[in-house]
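> predicted structure and sequence below. I'll ask about it afterward.
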Amino acid sequence: MRTDLPSGAPTSDSVLFLFAHQDDEFGVLQQIEQEVKSGASVYCAYTTSGVRPGANPKQRNAESRHVLETLAVDPKRILFQGETLDIPDGQALQHIGTLRTWLNTWTLHHQTLRALYIPAWEGGHPDHDVLHAVAVQVIQNGRLRSNVWQYPLYNSNGLKWGFFKVLTPLAMNGAVIRQSIPWPGRWRHLRLCLNYRSQAKSWLGLYPFVLWHYLFKGWQSLQQASITRLMERPHPGQLYYEFRGLSEWEKVFSHLQ
């Protein structure tokens with residue numbers, strides 16, 4: 001298992017972190033901090049608007065903006081692109097063409113882009129898998145294809161009855177690049193995860209697992225993304241988003257072709 005994370009040396013390049021939802025940044029806080037400290041121009045883009053029943057998209061934006069600004073991300077580089085593109089939370093599958101066009105245009109206009117960080121191909125939420133696939137498809141023939149990194153959020157690999165694992169990379173996604181997070185960083189990240197008050201219902205389920213991870217593991221995991229993985233089910237058995245009735249992998253797969 002490799003332990004060397006991408007970047008680390010001072011750089012004037014730019015990097016792009018893609019998030020399907022406001023709060024998905026919790027899965028890659030350490031790498032955001034590392035890239036900021038390296039001197040990279042760090043861009044963070046949210047590809048759905050945060051609009052869903054019972055949610056306040058403006059509050060969701062403000063919460064994520066606060067988290068990123070605390071990590072010293074330039075506010076001008078925090079992009080709520082899903083709002084601009086009018087892609088509601090949970091409906092990325094219906095807007096694949098729009099996402100492809102935007103990402104292709106954005107990358108063409110940012111020639112200093114050195115690396116792209118995307119949600120893992122893991123079956124946790126259909127918006128995550130759609131964003132992963134679109135990014136890999138857009139980048140596959142370009143100069144960045146070996147610098148697209150996936151970060152795990154949650155998945156139900158090997159579990160039943162709606163249980164899930166948090167921040168746990170799938171072995172099927174390849175070699176894991178892992179970095180231990182120093183204790184001050186762990187406490188800082190745990191405090192930041194308390195900012196998502198508009199997502200309190202979701203975080204009542206997530207936070208205990210995030211807390212356990214930071215206390216007993218405390219590492220940031222990344223894996224290289226691969227175009228060939230898009231032809232495979234994220235993992236055997238029922239996917240977490242299938243259990244929740246959000247979509248089915250066959251439907252996601254068919255839309256990506």
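Yes, it's here.

> surely Ala72 and Gln34 touch.
No. Using CB atoms under 8 Å, Ala72 makes no contact with Gln34, being 11.4 Å away. Just so you know, the C-beta spots here come from the backbone N, C-alpha and C atoms, and that holds for glycine as well.

> for these two, indicate the residue with more neighbours.
Gln34 (22 against 11; other CB atoms under 10 Å).

> from Gln220, how far off is that one?
Using CB to CB, to the nearest Å, Gln34 is found at 8 Å from Gln220.

> cool, Lys251 as well?
32 Å.

> among these two, which residue is more densely surrounded?
Using other CB under 10 Å as the criterion, Lys251 and Gln220 rank with Gln220 on top: 22 against 12.

> what residues are bridge-paired with that one?
Gln179 (DSSP bridges).

> how about the contacts made by it?
Leu5, Val28, Leu29, Gln30, Gln31, Tyr151, Arg178, Gln179, Ile181 (CB atoms under 8 Å, 6 or more residues apart in numbering).

> I'd like those as a markdown table, with distance to Val67 and pLDDT appended.
Putting those into a markdown table (distance: CB to CB, whole Å; pLDDT from 0 to 100) gives the following:
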| residue | distance to Val67 | pLDDT |
| --- | --- | --- |
| Leu5 | 20 | 49 |
| Val28 | 11 | 98 |
| Leu29 | 8 | 98 |
| Gln30 | 13 | 98 |
| Gln31 | 14 | 98 |
| Tyr151 | 15 | 98 |
| Arg178 | 22 | 96 |
| Gln179 | 19 | 94 |
| Ile181 | 16 | 98 |
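
> widest-spaced pair of the residues you listed?
Leu29 and Arg178 (14.8 Å; CB to CB).

> who has more neighbours, those two?
Looking at Leu29 and Arg178 with other CB under 10 Å, you find the greater number of neighbours at Leu29, namely 23 against 17.

> all helices for the stretch 101-250 of the chain, in order.
Ranges of helices in the stretch 101-250 of the chain, per DSSP state H, counting those that start in this stretch, are 126-139, 183-192, 200-216, 240-243, 249-256.

> flag every buried residue along the last one.
By neighbour count on 16 or more other CB atoms under 10 Å, the buried set for helix 249-256 is Trp249, Val252, His255, Leu256.

> now swap in the longest one and tell me
For helix 200-216, burial by neighbour count (16+ other CB under 10 Å) applies to Trp203, Leu206, Tyr207, Val210, His213, Tyr214.

> number of residues surrounding the spatially closest residue to Trp121 that is not a sequence neighbour?
Nearest residue to Trp121, sequence neighbours excluded (CB to CB, 6 or more residues apart in numbering): His132, at 4.9 Å. Residues lying near His132 (other CB under 10 Å) number 24.

> His132 and Asp74: what is the separation?
In terms of CB to CB, His132 sits 25 Å off from Asp74.

> A strand includes Leu16, no?
Yes. Assessed by DSSP: H, G, I helix; E, B strand; the rest coil, Leu16 belongs to a strand.

> pretty sure it sits against Ala45.
Yes. Here Leu16 reaches Ala45: they are 6.5 Å apart, a contact under CB under 8 Å.

> where do the contact lists of these two overlap?
Going by CB under 8 Å, 6+ apart, residues that sit against Leu16 and also against Ala45 are Trp106.

> what residue of this protein is the furthest out?
Most distant from the centre of the chain: Trp161, at 24.4 Å, with distances by CA atoms, centre = their mean.

> so how far is Tyr240 from that residue?
Trp161 is 11 Å from Tyr240, by CB to CB.

> can you give me the strands for the stretch 51-200 of the chain?
78-79, 113-119, 148-151, 154-155, 165-166, 177-180 (DSSP state E, counting those that start in this stretch).
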